[in-house]
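**Student:** My questions concern the predicted model and sequence given below.
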Amino acid sequence: MARLRVLRLNLGLTQTELAEKAGVARYTVARLEAGEGKRPFPSTRRKIAEALGVPIADVDELRGNSHQTEP
């Protein structure tokens, strides 16, 4: 998603660096930025938000139409 890419680039991180910092696979970051694949688990969104140093609301667009609840 565009928001994720902007947040990542504002910190000067590559997809690989963000993935490593968040503890997720690089292809997960790439697919999320491209808007491909399934909606990420809440834990994945939380890890990415923490790695970016932003509230989870800033990456909530990744949730899409998910009916999952935050733990």
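**Tutor:** Here it is on my side, so go on.

**Student:** CA atoms for contacts and neighbours, from now on please.
**Tutor:** Fine.

**Student:** where exactly do the helices run in the protein?
**Tutor:** Counting by DSSP state H, the chain has helices at residues 2-10, 15-22, 26-34, 42-52.

**Student:** so what secondary structure elements neighbour the third one?
**Tutor:** Judged by 3 or more Cα pairs under 8 Å, 6 or more residues apart in numbering; DSSP states H and E, the packing partners of helix 26-34 are helix 2-10, helix 15-22.

**Student:** For the most centrally placed residue in the chain, give me its contacts.
**Tutor:** For the chain, the residue nearest the mean C-alpha position is Ile48 (4.4 Å; Cα atoms, centre = their mean). Contact analysis of Ile48 by Cα atoms under 8 Å, 6 or more residues apart in numbering lists 18-19, 22, 59.

**Student:** Next, the contact list for Thr16, please.
**Tutor:** Arg26.

**Student:** switch the cut-off to 10 Å
**Tutor:** 22, 24-30 (Cα atoms under 10 Å, 6 or more residues apart in numbering).
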